[in-house]
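S.K.: what's the 3D shape of this:
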Amino acid sequence: MPGPINGSQVIIRVDSGSSGMIDVAYQRDVSFDGKNKLIDTSNNLSGRRATYLVGRQDEDVKLSMLFSDDESYDLLKLAFRNGDTIEVARFITTDTNPDASSSFSEVETADGVITDLSEKFKDQDAAMADVSFKISGNWS
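M.R.: Numbering: from 1, shown residues only. A predicted model of the protein is given here:
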């Protein structure tokens, strides 16, 4: 029986266009946050209890990475500055000790728009970049 998924076993890849999908280098943390927006259908006959229908679904992907001058970070930075839609792919491995030779399997892909890009250069610490995406459409 497979064990729990370790954070190092989930990676994000972005479409570079000419070079195909490339790993977001030096990724340290990623989260997928989804929520259903609600439509309040309450009225005067509802009494004190609110009633709802499920409306649009909204999903954010956030990742932290060590700051670098590699191709993946340059692509993210350029897409952020240009307001480009990018393809986000989530890959996973069940290897117990993932490393450069691990084989990753695609879980799902979706279009995304970069909403936030933050670079942090702390004194006497590794430089970091935080990137947030808003998923546009459905995962497939």
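
S.K.: and the helix or strand encompassing residue 118, C-alpha only, in CSV?
M.R.: Counting by DSSP states H and E, the element that carries residue 118 is strand 105-120. As requested, the backbone C-alpha atoms of strand 105-120 are provided in CSV (Å, rounded to 0.1, in the frame of the first residue of the first chain):
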residue,chain,number,x,y,z
SER,A,105,3.7,10.9,-13.7
GLU,A,106,1.4,13.7,-14.8
VAL,A,107,-1.6,14.1,-12.6
GLU,A,108,-3.3,17.0,-14.3
THR,A,109,-2.8,20.2,-16.2
ALA,A,110,-4.7,23.5,-16.4
ASP,A,111,-4.2,27.0,-17.7
GLY,A,112,-3.2,29.6,-15.1
VAL,A,113,-2.6,33.3,-14.7
ILE,A,114,0.1,34.5,-12.4
THR,A,115,-1.4,36.9,-9.9
ASP,A,116,1.5,37.5,-7.5
LEU,A,117,5.3,37.4,-7.8
SER,A,118,7.3,38.2,-4.7
GLU,A,119,11.1,38.1,-4.4
LYS,A,120,12.7,38.1,-1.0
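
S.K.: all numbers from here: first residue = 445
M.R.: All right, first residue 445 from here; so that's strand 549-564.

S.K.: which secondary structure elements does it sit against?
M.R.: Taking 3 or more C-beta pairs under 8 Å, 6 or more residues apart in numbering; DSSP states H and E as contact, the helices and strands that strand 549-564 lies on are helix 515-526, strand 529-536, strand 572-580. From N, CA and C alone the C-beta is placed, and that goes for glycine too.

S.K.: please name whichever of those is nearest to residue 469.
M.R.: Taking C-beta to C-beta as the criterion, helix 515-526 is the member of the helices and strands packed on strand 549-564 that comes nearest to residue 469, at 4.8 Å.
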